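[1] Need coordinates for the following:
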Amino acid sequence: MLTLADTIVLRALYLLTVLAAGGAGLIMVFTPALAARKLFYDAVKVDVYLRLLGAFQLSLGLLAVIGLVWPAQMAALLLVQLGAMVIWVVAGAVPAILTGKRETALLFMTIAFTVWSLAIAFLFPFAAVFG
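    Next up, the predicted model:
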């Protein structure tokens, strides 16, 4: 059973997901040219794949709204985020950086995804959710 502190932590993580992933997803889906310019510093081209990424991010943000109401039941959503970001950093960002790619968007997203992954990993109440 979740304590009040666990519930507050989970709701804070969901709220940040709504704002960050949901907000970025909205921009990528509905104004992809703006997303390419402002979120990715013109490092990506506007195409169907940008909107696909946006749809995934927007779905995370929308599902996180449910997590604000039922934090324990939606805990898997945060673990999906954690897994996706760790895989992207390890399999995508690190190899790109090691081969000399130093675009601002890549570096920014790598730092942001690493910080968010660490936040989920350290703040997520594993024992309360799965215990």
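[2] Which residue ranges of the chain form helices?
    Residue ranges of the helices in the chain, as given by DSSP state H, are 4-17, 23-30, 32-34, 48-69, 75-88, 94-98, 104-123, 126-130.
[3] Do I have it right that Gly23 meets Leu60?
    No: counting by Cβ atoms under 8 Å, Gly23 sits too far from Leu60 to count as a contact (10.9 Å). Yep, even glycine has a C-beta here, placed from its N, CA and C like the rest.
[4] Mind checking which of these two has more residues around it?
    More crowded of Gly23 and Leu60, by other Cβ atoms under 10 Å: Leu60, with 23 against 15.
[5] Distance of that one relative to Met1?
    Leu60 sits 26 Å away from Met1, going by Cβ to Cβ, to the nearest Å.
[6] Leu107 now?
    41 Å.
[7] So which of these two has more stuff around it?
    Shown here are Leu107 and Met1; by other Cβ under 10 Å, Leu107 has more neighbours (15 against 7).
[8] excluding its backbone neighbours, what's nearest that one?
    Distance criterion Cβ to Cβ, 6 or more residues apart in numbering; nearest residue to Leu107, sequence neighbours excluded, is Ile97 at 7.5 Å.
[9] And the pLDDT for the one you found?
    pLDDT recorded at Ile97 is 94.
[10] list the contacts for Ala12?
    Leu123 (Cβ atoms under 8 Å, 6 or more residues apart in numbering).
[11] How about Thr114?
    With Cβ under 8 Å, 6+ apart, Thr114 has these contacts: Met85, Val89.
[12] got it, and Val29?
    Arg51, Gly54, Ala55, Leu58.
[13] Before I go, just wanted to say thanks for your time.
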